[in-house]
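J.: Here is a sequence together with a model predicted from it:
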Amino acid sequence: MPPTKTIQEEVAAIFATKWKVREGVVVPEADQVSLGNDAVELDATVLYADLVDSTDLVMNYKNWFAAEVYKAYLASACRLIRAEGGGISAFDGDRVMAVFLGNTKNSSAARAALKINWLVQKLINPRIKTAYPNTSYVLRHVIGIDTSRLFVARTGIRGSNDLVWVGRAANYAAKLCAMRDGAANTIISEQVFKRLTDTAKLGGSPKRAMWEKSVWAERGLTIYRSGWLWEP
């Protein structure tokens, strides 16, 4: 069958078929959602962790060095995310998307972010300097977090497909992750901040706020920023 004919039939079926939607209690895997109009709905918190200036890294450093930085950051971040109960949902080059569920999903995501901050400053960058004492490279990153209702469907074709996460949290977390503001490398929405436990809001001795109120000018929304480190 000519590809155009197949595409026409698939598009017609997508718009004509009624959705089968079920409530989710765990982060779904791709094979748990069919390629038809099948979806899972979740109340979820999404975390995006992204390297800053990865284009500069790729263009101005050896390819194997860039690969080592990617691997060290993404593998370590994933371990911390999973340790806090998050599920790894997608990789996109130099960034990872994670989903947190449950009653403490916002605090878990915030803790994971601050632990990744610690990881970057106290482990990865010192290791880079030890392994390559003559390099000027310093790894920087940003993490964005938001929470909302999500509609999870499977997209693509048989043999080449993945889940698509439809909802504000997935979109906003990615956009917050794209912000660049010096040491304040964790950025969360007001909805996330309001749901944090006190232990995820306050740190140090004596206890003081770990988050600074700010404004997302593009959207006119209140957000909160932090440059705190949380040792795993």
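T.: Arrived safely.

J.: how about the nearest residue to G156, chain neighbours excluded?
T.: Taking Cβ to Cβ, 6 or more residues apart in numbering, and ignoring the residues beside it in sequence, G156 has D162 as its nearest neighbour in space, at 6.0 Å. From N, CA and C alone the C-beta is placed, and that goes for glycine too.

J.: and what of Y172?
T.: Distances taken as Cβ to Cβ, 6+ apart place D146 nearest to Y172, at 3.9 Å, with adjacent residues excluded.

J.: same question, D38
T.: Spatial nearest neighbour of D38, chain neighbours left out: K20 (5.1 Å); criterion: Cβ to Cβ, 6+ apart.

J.: Quick check: phi and psi at that neighbour.
T.: The phi and psi torsions at K20 (degrees, to the nearest 10) take the values phi -110, psi 110.

J.: and it, what does it touch?
T.: Under the criterion of Cβ atoms under 8 Å, 6 or more residues apart in numbering, the contact partners of K20 comprise 36-39.

J.: tell me the contacts of T135?
T.: Counted by Cβ under 8 Å, 6+ apart, T135 has contacts 61, 65, 128-129.

J.: Which strands or helices does the lengthiest strand in the chain pack on?
T.: Of all the segments assigned as strand in the chain under DSSP state E, the longest by residue count is strand 141-157. In terms of contact count using 3 or more Cβ pairs under 8 Å, 6 or more residues apart in numbering; DSSP states H and E, strand 141-157 is assigned the packing partners strand 38-51, helix 105-118, strand 160-166, helix 168-177, strand 186-189, helix 190-194.

J.: for it, the distance to its chain's centre please.
T.: 8 Å (Cα atoms, centre = their mean, to the nearest Å).

J.: Report the beta-bridge partners for the most centrally placed residue in the chain.
T.: Closest to where the C-alpha atoms of the chain average out (Cα atoms, centre = their mean) is Y48, at 1.7 Å. Residues in a beta bridge with Y48, per DSSP bridges, are M97, G144.

J.: Please state the offset of stretch 194-210 from the chain centre?
T.: Distance, centroid of stretch 194-210 to centroid of chain: 22 Å (Cα atoms, centre = their mean).

J.: what about it, how long is it end to end?
T.: 13 Å (Cα to Cα, to the nearest Å).

J.: when you give positions from now on, start the count at 58
T.: Got it, first residue is 58 now, which makes that one stretch 251-267.
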